[in-house]
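Peer 1: Using only what follows, build the 3D model:
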Amino acid sequence: MNIGLIAHTSKKTLMEDFCLAYKRILEKHELYATGTTGRRVEEVTKMKVHKFLPGSLGGDEQFAEMITRNDMDMVIFFYNPLMYSPKEPDIEMICSRCDQYNIPIATNIATAESLILGLARGDLEWREQV
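Peer 2: Take a look at the predicted model:
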């Protein structure tokens with residue numbers, strides 16, 4: 001499955017920790033991320049991550065295009081709800097696309113853990129039929 005990873009600047013360490021904690025599950029899948037998040041996850045986990053441009057330079061739009069083509073099976077987007085910056089990836093656009101195309105999305109650690117554990121159990125195999 002294709003798993004998308006995005007994190008606002010203040011949440012990048014959380015994304016690194018999450019990917020380390022669930023490396024055994026994630027390494028069985030294709031990972032996609034905006035530029036800086038992807039680089040940091042690769043450095044910490046030593047897993048291969050397909051990287052888009054940084055979110056603020058159009059990586060979030062590349063990410064959204066992959067969702068629109070139905071080439072993304074799950075998205076984990078850790079964002080800071082207390083801080084808006086045009087330099088951060090667009091949470092509203094990504095969430096809206098995921099809702100439009102029925103792509104499961106987690107925007108916090110609790111939901112991300114539920115999705116990743118469900119992925120390991122096979123709960124998202126219905127995506128392979130889409």
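Peer 1: which residues touch residue 37?
Peer 2: Listed by CB atoms under 8 Å, 6 or more residues apart in numbering, the contact set of residue 37 reads 5, 6, 7, 12, 15, 55. Using the backbone N, CA and C atoms, a C-beta is placed for each residue, glycine as well.
Peer 1: That one - that's part of a strand, no?
Peer 2: No. Counting by DSSP: H, G, I helix; E, B strand; the rest coil, residue 37 is not found in a strand; it is helix.
Peer 1: what about the closest residue to it other than its chain neighbours, neighbour count?
Peer 2: Nearest non-adjacent residue to residue 37, counting by CB to CB, 6 or more residues apart in numbering: residue 7, 4.8 Å away. Per other CB atoms under 10 Å, the neighbour tally for residue 7 reads 28.
Peer 1: For residue 7, give its distance to residue 44.
Peer 2: 12 Å (CB to CB, to the nearest Å).
Peer 1: what sits in contact with each of these two?
Peer 2: With the criterion set as CB under 8 Å, 6+ apart, the contacts of residue 7 and residue 44 do not overlap.
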